[in-house]
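Q: below are the sequence and a predicted model; questions follow.
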Amino acid sequence: MLKAALLFILAGIAEIGGGYLIWQWLREGKAWYIGLCGGVVLALYGIIATFQVFSSFGRVYAAYGGVFIVLSIAWGWWIDKKTPDIYDFIGGLICLVGIAVILIPRSGS
């Protein structure tokens with residue numbers, strides 16, 4: 001599970017970071033190469049996700065969606081300096097529970 005968690009976090013940072021760089025280019029007027037770097041990082045995100053140990057694409061991406069939400073809240077807090085409110089924390093906690101439910105080992109799957 002540690003490997004899966006690390007891959008989820010790495011993929012999330014790549015996806016959010018790549019999207020953030022493209023946002024900076026298109027919305028904040030940063031140089032074109034910032035956007036290009038964002039595109040490369042987003043492509044790396046797609047590659048990182050394939051290293052997951054789970055055999056079901058749908059299950060991996062469903063669980064990753066919850067990780068993405070939690071990491072997005074953290075990114076906004078640390079990078080954009082937007083303090084999450086109680087609803088962000090509750091929503092993030094619900095996502096973490098959802099991740100656990102999706103990835104919990106069960107027989108026949």
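A: Right, received. Where do you want to start?
Q: average pLDDT for stretch 98-109?
A: For stretch 98-109, mean pLDDT rounds to 78.
Q: need the contact partners of that stretch.
A: Here stretch 98-109 makes contact (Cβ atoms under 8 Å, 6 or more residues apart in numbering) with Met1, Ala4, Phe54, Ser56, Arg59, Ala62, Ala63, Gly66, Val67. Using the backbone N, CA and C atoms, a C-beta is placed for each residue, glycine as well.
Q: now do the buried residues in that stretch.
A: Buried positions in stretch 98-109, judged by neighbour count with 16 or more other Cβ atoms under 10 Å: Ile99, Ile102, Leu103.
Q: with stretch 56-75 instead?
A: Using 16+ other Cβ under 10 Å as the test for burial, stretch 56-75 gives 60, 63-64, 66-75.
Q: likewise for stretch 41-50?
A: Val41, Leu42, Leu44, Tyr45, Ile48, Ala49.
Q: please enumerate residues in contact with it?
A: 7, 10-11, 14-15, 17-19, 21-22, 60-61, 64.
Q: closest one of those to Ile34?
A: Leu21 (5.3 Å; Cβ to Cβ).
Q: what helix or strand does the closest one sit in?
A: For Leu21, the host element (DSSP states H and E) is helix 2-28.
Q: if we can go back for a sec, which of the buried residues of stretch 56-75 fall within helices?
A: 60, 63-64, 66-75 (DSSP state H).
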